[in-house]
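Student: Structure for this input, please:
(one chain, ligands or ions: 1)
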Amino acid sequence: MAKTRRLAKLGAYLRPHWRDATLGIFALLTVNGLGVYIPLLIRSAVDKLSAAFSFNQLLNYVVPIVLLTSAMWLIRMASRIWIFGVGRQVEFELKQRIFEHLLKLEPAYFVTNTAGDLISRATSDVDNIRRLLGFAVLSLANTVFAYALTLPVMLSISVDLTVFSLAVYPFMFLVVHLFSDRLRNEQLEVQDRLSDASDLIQEDISGIALIKIYAQEENERRAFAKRNQQLLQANLKLAKSRNTLFPLIGGLANISSLVIILLGATRIASGVLDIGDFVALLLYVERLVFPTALLGFTITAYQRGEVSIDRIEAILGVTPKIQDASDAVELPTEQVKGELTAKSLSYTYPGSDTPALDNVSFKIAPGETVAIVGAIGSGKSTLANCLPRLLDIGKEQLFLDGIDITKIKLPDLRSAIAYVPQDSFLFSTTIKNNVRYGDPVAKQEEVESAAAVAQIAPEISIFPQQYETIVGERGITLSGGQRQRTALARALLVDAPVLILDDALSSVDNQTATAILNNLSSGTKRKTVVFITHQLSAAATADRIFVMDKGQIVQIGTHKDLLKEPGLYRILWSQHQVEELLH
Ligand SMILES: Nc1ncnc2c1ncn2[C@@H]1O[C@H](COP(=O)(O)OP(=O)(O)OP(=O)(O)O)[C@@H](O)[C@H]1O
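Tutor: Residues are numbered from 1 along each chain as shown. All right, here's what the predicted structure looks like:
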């Protein structure tokens, strides 16, 4: 990204907070102005007091100096609150924007972009931008004001003393700049080593049973000792750099004071410089130490911030591939009959040369239950993902009630099609909240009735907290079959006219799976059910069966019809019979 575009982005992040930023910068200007005035007061005090000293005269100087210093302290604090506040606000807004943007992207995006990378961008990179807009802006403005206001006064006192005393400051800046990069890398190293150690602790706690079964305590102890040692080394390295840098800055600052003392003393002796000016110069030189040193850190913060802007804008710049067409139509769920049609539906995953779906055509009537069977990798899940448009399919290939699904508003399409994927993901909350995820205000009776159709209700009623039982990492662990049926209850609660089950009952025994299918196809308001499965005995009860092979539907018919004709179904069925016998 070009520098100007990056600056434009920074400007855009800052724009909503221009008032606070301006107030903060104005406060810094005031502080620096007062900072220049105080040594002048001290100069005048020294000049006057050297002539005639009285306690009252001293108070005339001490009181304003104390008041001014207190005012400076207050205003500096306010400037930090305003400017750092801007950084924090921008951090908050960026995190929110990234999260909202990620929610708009299609699942395929998350296959190529790992969670680790996205989390690092949403945390470390946003943090770098916060530093750039808080710390870097503050210290840059502070340094500019400090020099712009202090230098003219110093030069008016003595040009050559100013030049000689500040001669070491460029070195100070350089040293800090070089160290700042080193400190930052060492800090990152500490964080990496710390997360290595935490990862091992986390993994070992989860796998504690395995460690015991295989008697691997000693190995794990050694592995942790190694990581802990690396963490110690990284911490010591960081401490060493810190302990070298700060005395170095102090040393360089002392050189400049020394220059003033040496040259100033000879001038005072020869009467060219009075003591007041000498004291003021000493104070000014000291005042510039901090802004000079900070400038070194600022440049590093700026460079890192620039990289982070690119990394964050790379996410925010991704256009969602699956979104509403400009002429998308509304389709209220209550109007949907549930007829599904595919016309020469083809889909090839990005980067692959073989189509996962190859010219698939079918028509499923409203209320019909269709089982889709086939070998592993034959395209069943791909077909399931196409229906609610989780994959970016072309126009005029899939239709719901005769309407091209790419022309239906996405929220309407997805409300009409409930989809239970292969991995029955549950959130770390109560069973009740998991079941009513699609309708968070659903009543207890609705949750219970969905659970009953999904054949999970009897098991939930045995849990001590029943529907209030927390599942997932923070609660109890459900068995695979219980998870699948809870996920099914979640899909049933939203009462969509079309239900897709993608191998969603694989951990449920055949008998229960068949009972669930019967539940779904009974009643007056029949749903259209697409039941993708390897459980052929459950599939056999469906109205029709589609048999898939290498991305194509190779057979369509009822269980009885398909058994009569030679083909893949008969082979799959006989394999299934053998498996049933062996069980
Ligand atoms: N994200 C992806 N990127 C590239 N290729 C993929 C992706 N997902 C699936 N495929 C490929 O597409 C083909 C069809 O896969 P799909 O998951 O639809 O098969 P399936 O019939 O559901 O298999 P299973 O019975 O094992 O669930 C396979 O060759 C698979 O390797």
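
Student: Only C-alpha atoms from now on, for both contacts and neighbour counts.
Tutor: OK.

Student: Which residues are in contact with the closest residue to Leu263 other than its chain neighbours?
Tutor: Closest residue to Leu263 in three dimensions, ignoring its sequence neighbours and counting by C-alpha to C-alpha, 6 or more residues apart in numbering: Leu161, at 7.2 Å. Going by C-alpha atoms under 8 Å, 6 or more residues apart in numbering, Leu161 touches 260, 263-264.

Student: before we move on, what about Ser257?
Tutor: Counting by C-alpha under 8 Å, 6+ apart, Ser257 has contacts 165, 282, 285-286.

Student: Leu391 now?
Tutor: Contact analysis of Leu391 by C-alpha under 8 Å, 6+ apart lists 106-108, 322, 385.

Student: Tell me the secondary structure of it, please.
Tutor: For Leu391, the assignment made with DSSP: H, G, I helix; E, B strand; the rest coil gives coil.

Student: if I look at it, how far off is the ligand?
Tutor: Leu391 is 9 Å from the ligand, where distance means C-alpha to the nearest ligand atom, to the nearest Å.

Student: Same question for Ile157.
Tutor: According to C-alpha to the nearest ligand atom, Ile157 stands 73 Å off from the ligand.

Student: For that residue, give me its contacts.
Tutor: With contact set as C-alpha under 8 Å, 6+ apart, Ile157 has these partners: 277, 281.

Student: about what we covered before: which ones among the contacts of Ser257 are found in helices?
Tutor: 165, 282, 285-286 (DSSP state H).

Student: Out of the residues you listed, the closest to the ligand would be?
Tutor: Glu286 (62.1 Å; C-alpha to the nearest ligand atom).

Student: What is the neighbour count of the closest residue to that closest one other than its chain neighbours?
Tutor: In this structure, Glu286 finds its nearest non-sequential neighbour in Ala253, 7.2 Å apart by C-alpha to C-alpha, 6+ apart. For Ala253, the neighbour count with other C-alpha atoms under 10 Å is 22.

Student: Just to check, Ala253 is in contact with Leu288?
Tutor: No: Ala253 is beyond contact range of Leu288, at 9.1 Å (criterion: C-alpha atoms under 8 Å).

Student: one step back: what's the closest of the contacts of Ser257 to Ala197?
Tutor: Taking C-alpha to C-alpha as the measure, Ala197 lies nearest Glu286 of those, at 43.2 Å.

Student: Distance check, that closest one against Phe171.
Tutor: According to C-alpha to C-alpha, to the nearest Å, Glu286 and Phe171 sit 15 Å apart.

Student: Over to Pro16?
Tutor: Separation of Pro16 from Phe171 (C-alpha to C-alpha): 38 Å.

Student: Leu563 now?
Tutor: In this view, Leu563 and Phe171 are 87 Å apart by C-alpha to C-alpha.

Student: Repeat that for Val90.
Tutor: Distance, Val90 to Phe171, using C-alpha to C-alpha: 34 Å.

Student: Show me how to select, in PyMOL, the buried members of the contacts of Leu391.
Tutor: In PyMOL syntax, the buried subset of these is picked out as below (16 or more other C-alpha atoms under 10 Å):
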select buried, resi 106+322+385
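
Student: Pull the most distant pair out of the contacts of Leu391.
Tutor: Across the contacts of Leu391, no pair lies farther apart than Ile322 and Asn385, at 12.5 Å, counting by C-alpha to C-alpha.

Student: Selecting buried members of the contacts of Leu161 in PyMOL, what would you type?
Tutor: Entered in PyMOL, the line below selects the buried ones among the contacts of Leu161, by 16+ other C-alpha under 10 Å:
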select buried, resi 260+264
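
Student: Can you flag which of the contacts of Leu161 belong to helices?
Tutor: Using DSSP H, the subset of these located in helices is 260, 263-264.

Student: Glu446 contacts Leu492, correct?
Tutor: No: proximity of Glu446 to Leu492 does not meet the contact threshold set by C-alpha under 8 Å, at 9.7 Å.

Student: Between these two, which is the more surrounded one?
Tutor: Using other C-alpha under 10 Å as the criterion, Glu446 and Leu492 rank with Leu492 on top: 27 against 15.

Student: Would you mark the buried spots in the helix or strand hosting that one?
Tutor: Element membership of Leu492, judged by DSSP states H and E, is helix 480-493. Residues of helix 480-493 classed as buried by neighbour count (16+ other C-alpha under 10 Å): 481-493.

Student: and what of stretch 362-370?
Tutor: Using 16+ other C-alpha under 10 Å as the test for burial, stretch 362-370 gives 364-370.

Student: Any buried residues in the lowest-mean-pLDDT helix or strand in the chain, and which?
Tutor: Counting by mean pLDDT, DSSP states H and E, the chain has its least confident helix or strand at helix 115-120, which shows a mean of 73. In terms of neighbour count (16+ other C-alpha under 10 Å), helix 115-120 has its buried residues at Leu118.

Student: Touching stretch 356-370 from outside, list them.
Tutor: Identification of contacts with stretch 356-370 by C-alpha under 8 Å, 6+ apart yields 337-349, 378-379, 382-383, 521, 525-531, 542-546, 550-553.

Student: Tell me where the stretch 351-500 of the chain has helices.
Tutor: 380-386, 410-416, 431-435, 444-453, 457-462, 480-493 (DSSP state H, counting those that start in this stretch).

Student: outside of the second one, which residues touch it?
Tutor: Pointing back at helix 410-416 there. Here helix 410-416 has contacts from 323-324, 330-333, 336, 388, 405, 494, 496-498, using C-alpha under 8 Å, 6+ apart.

Student: Name the nearest of these relative to the ligand.
Tutor: Nearest to the ligand among the contacts of helix 410-416: Pro388, at 14.4 Å, using C-alpha to the nearest ligand atom.

Student: nearest residue to that closest one other than its sequence neighbours?
Tutor: Distances taken as C-alpha to C-alpha, 6+ apart put Arg414 closest to Pro388, at 5.6 Å, once the chain neighbours are dropped.

Student: Next: Lys407.
Tutor: Nearest non-adjacent residue to Lys407, counting by C-alpha to C-alpha, 6+ apart: Ala328, 4.5 Å away.

Student: OK, contacts around the one you found?
Tutor: Applying C-alpha under 8 Å, 6+ apart, the residues near Ala328 are 406-409.

Student: the domain parsing of this protein - what is it?
Tutor: Recorded structural domains for the chain (assignment: automatic domain parsing) are 3-158+273-316, 337-582.

Student: hang on, Ser344 in a helix?
Tutor: No: according to three-state DSSP, Ser344 belongs to no helix; its state is strand.

Student: Please give the number of neighbouring residues around it.
Tutor: Neighbours of Ser344 (other C-alpha under 10 Å): 15.

Student: and the stretch 201-350 of the chain, which residues reach the ligand?
Tutor: Within reach of the ligand by C-alpha under 6 Å from any ligand atom, the stretch 201-350 of the chain has these residues: Tyr349.

Student: Likewise for the chain?
Tutor: With C-alpha under 6 Å from any ligand atom as the criterion, the chain meets the ligand at residues 349, 356, 376-382.

Student: Could you pick out the buried ones from the residues you listed?
Tutor: Listed as buried from the residues of the chain next to the ligand are 356, 378-382; burial here means 16+ other C-alpha under 10 Å.

Student: re earlier: the helices of the stretch 351-500 of the chain into TSV, with extra columns for mean pLDDT?
Tutor: Output for the helices of the stretch 351-500 of the chain, formatted as TSV (pLDDT from 0 to 100):
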stretch	mean pLDDT
helix 380-386	91
helix 410-416	88
helix 431-435	89
helix 444-453	88
helix 457-462	86
helix 480-493	87
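
Student: Cool, thanks, signing off.
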